[in-house]
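Colleague: Got a sequence here, can you build the structure:
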Amino acid sequence: MTITYHREMTQGRLREILHYNKRTGIMTWIAAPKYHPRMLGKVAGSARLSRNGKYYVRVKVDGGNYALSRLAFLWVTGNWPKDQIDHRNGDSLDNRWGNLREATQMENCWNHKTRAKNSSTPMGIRKLPSGKFQCRITKNKVPHCIGTFSTLDAAVLVYTKKRKEFFGEFA
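Modeller: Next up is the predicted model:
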């Protein structure tokens with residue numbers, strides 16, 4: 001799927017055609033598309049699978065194909081986000097205003113709660129052949145070994161504390 005960003009889309013134009021409910025995160029059509037008058041009052045957009053394997057709500061409007069989270073940001077602030085939009089709770093389909101925040105790509109990566117590979121241990125923790133658990137974390141492309149622990153619970157506790165120290169609100 002090709003993603004198009006038409007920077008000529010303005011907050012004014014967006015508000016002419018779509019309404020965003022900040023509490024529910026849903027956009028509805030207040031001016032139906034030219035060839036789809038039945039859309040008036042209906043929910044705008046649909047969930048589409050992205051290259052990263054997550055679903056995002058996408059909206060086609062005025063020849064552009066937009067992520068609803070980016071349109072919500074424009075609708076509320078009047079500006080396009082400088083980089084990315086992060087979903088605080090990790091649910092890419094939850095577009096409530098309180099769940100959205102502007103982030104850099106790195107900050108957005110800090111918010112990942114799960115590891116890419118299937119594993120019996122949480123992200124950042126691996127089980128060693130000795131039966132102990134090792135914690136590792138990377139910040140700004142620099143790996144840090146936090147330590148080795150005899151129980152998984154102790155490793156999770158220390159890893160979680162270090163995540164908050166390193167990544168603050170994005171942990």
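
Colleague: Verify the stated contact: Thr121 with Lys127.
Modeller: Yes - the pair Thr121 and Lys127 passes the contact test of CB atoms under 8 Å, sitting 5.7 Å apart. For the C-beta atoms, the positions are set from N, CA and C on the backbone; glycine is no exception.

Colleague: List the residues that are in contact with both of those two.
Modeller: Here Thr121 and Lys127 share the contacting residues 133, 152, scored by CB atoms under 8 Å, 6 or more residues apart in numbering.

Colleague: what bits of the chain have low per-residue confidence?
Modeller: By pLDDT under 70, the weakly predicted segments of the chain are 1-7, 109-119, 170-171.

Colleague: how about the helices in it?
Modeller: In the chain, helices defined by DSSP state H lie at 11-17, 68-77, 105-110, 152-167, listed in chain order.

Colleague: could I get the ones you listed as TSV with distance to Gly131?
Modeller: Listed next are the helices of the chain as TSV, based on distance: least, CB to CB, whole Å:
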stretch	distance to Gly131
helix 11-17	56
helix 68-77	43
helix 105-110	30
helix 152-167	10
